[in-house]
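A.B. asks: give me coordinates for this.
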Amino acid sequence: MCLAILAIDVMTDWPLIVVANRDEYHDRAASPLQPWHQHPDVLAGQDLQAGGTWLGITNSGRFSLLTNYRDPRQRRPQAPSRGRLVEDFLKADLPAAAYLQTIEPTAKTYNGFNLIVADGANLHYSGNQAKPFKQSLTAGVYGLSNALLDTPWPKTQRTREAVAALLAQRFAPDAEQLTALMRDRTVVPDDSLPDTGMGLVRERLLATPFIVSPDYGTRCTTVVMRHRNGNQWAQEATYNALGEMTNWVGWLSVQGRPWRCFDRWPGIANIASSAIA
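C.D. replies: All right, here's what the predicted structure looks like:
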């Protein structure tokens, strides 16, 4: 993940709403959002190169996502896969705070990361560049990119504000409208760009919420929504190097039951209702 917006207890009936873009090299093999064969309660894509995943949810209500912390000067090619942090949490049954305690002693062995973990009622942010290492997140709308939580990069601020405004106008979230917000390619002026050691040309490319280039770009947009009755919805739009959508899939878990696949947006009323199961 390279940009994620999290709305926690912002809408009365929807305590968790997440919309996120995964930016990656186009030639890095990955599988789409789907239940895992050996762990069918886990719904996530998979990194087929290094293992693990960037975002996932379970039908019991566990949720996690990860972004890289951008600092090319500190990158170590032999560091362990950060995607395993998300995978291990989704497979575990430890409370979120306890899980973060178990990984804190070895967190510095990984390249820079930001990690969100939620065990249902409790949601926490952590990162091996953050001080303190972990913090509990209360009600609000948060933005996370390749810096610390809520770092005021232009794309993070703009997208967080757009998501907050959309949710404030509605009685229920609309996953398709949330996805549309993440396709923003508004150019950022050079004097507003962060300096993360990538060089001006690369900083320009990475500064937009939706990235399009031949070698590296936004690979997918994922939306996760949890209703207060326990129903959970997750959908993923996948893109090619031209920024064109090549696949769309949606998954619904009704009150903890197995994931059910959809090939189109069923509408918010159906997601909130158990009648669709």
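
A.B. asks: the helix or strand where residue 17 lies packs against which elements?
C.D. replies: In this assignment (DSSP states H and E), residue 17 forms part of strand 14-25. Using 3 or more C-beta pairs under 8 Å, 6 or more residues apart in numbering; DSSP states H and E as the contact criterion, the secondary-structure elements in contact with strand 14-25 are strand 3-11, strand 55-58, strand 63-68, helix 175-181, strand 216-226. Quick note: C-beta positions are derived from backbone N, CA and C, even for glycine.

A.B. asks: please name whichever of the ones you listed is nearest to residue 191.
C.D. replies: Go through the helices and strands packed on strand 14-25 one by one with C-beta to C-beta and the one that ends up closest to residue 191 is strand 3-11, at 21.2 Å.

A.B. asks: dump the C-alpha coordinates for that closest one into PDB.
C.D. replies: Extracted as PDB, the C-alpha positions of strand 3-11 are listed here (Å, rounded to 0.1, in the frame of the first residue of the first chain):
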ATOM      1  CA  LEU A   3      -1.900   5.500   0.200                       C
ATOM      2  CA  ALA A   4      -4.600   4.600   2.600                       C
ATOM      3  CA  ILE A   5      -7.400   6.600   4.200                       C
ATOM      4  CA  LEU A   6      -9.100   5.200   7.300                       C
ATOM      5  CA  ALA A   7     -12.400   6.400   8.700                       C
ATOM      6  CA  ILE A   8     -12.900   5.200  12.200                       C
ATOM      7  CA  ASP A   9     -16.300   5.600  13.900                       C
ATOM      8  CA  VAL A  10     -17.100   8.500  11.500                       C
ATOM      9  CA  MET A  11     -20.400   7.000  10.300                       C
END
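
A.B. asks: chain center to it: distance?
C.D. replies: Relative to its chain's centre, strand 3-11 lies at 11 Å (C-alpha atoms, centre = their mean, to the nearest Å).

A.B. asks: direction included, what does that strand pair against?
C.D. replies: Using DSSP bridges, strand 3-11 pairs in its sheet with strand 14-25 (antiparallel), strand 140-144 (antiparallel).

A.B. asks: residue 249: what's it in contact with?
C.D. replies: Under the criterion of C-beta atoms under 8 Å, 6 or more residues apart in numbering, the neighbours of residue 249 are 32, 33, 34, 235, 236, 261, 262, 263.

A.B. asks: go again with 7 Å.
C.D. replies: By C-beta atoms under 7 Å, 6 or more residues apart in numbering, the contact set of residue 249 is 32, 33, 235, 236, 261.

A.B. asks: now list the buried members of the residues you listed.
C.D. replies: 33, 235, 236 (16 or more other C-beta atoms under 10 Å).

A.B. asks: just confirm the second one is within a strand.
C.D. replies: Yes - Residue 235 sits within a strand when classified using DSSP: H, G, I helix; E, B strand; the rest coil.

A.B. asks: list the residues that contact the closest residue to it other than its chain neighbours.
C.D. replies: In space, and not counting its chain neighbours, residue 235 is closest to residue 250: 4.0 Å by C-beta to C-beta, 6 or more residues apart in numbering. By C-beta under 7 Å, 6+ apart, the contact set of residue 250 is 233, 235, 262, 265.

A.B. asks: need the contact partners of stretch 39-51.
C.D. replies: Outside stretch 39-51, the residues that reach it (C-beta under 7 Å, 6+ apart) are 28-36, 53-60, 81, 83-84, 90-91, 234, 251, 258-259.

A.B. asks: helices - which of those land there?
C.D. replies: Per DSSP state H, helices hold the following members of the contacts of stretch 39-51: 83, 84, 90, 91.

A.B. asks: mind putting those residues in JSON lines, neighbour count included?
C.D. replies: Shown next, in JSON lines, are the ones in helices among the contacts of stretch 39-51 (neighbours: other C-beta atoms under 10 Å):
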{"residue": "83", "neighbour count": "23"}
{"residue": "84", "neighbour count": "17"}
{"residue": "90", "neighbour count": "24"}
{"residue": "91", "neighbour count": "15"}
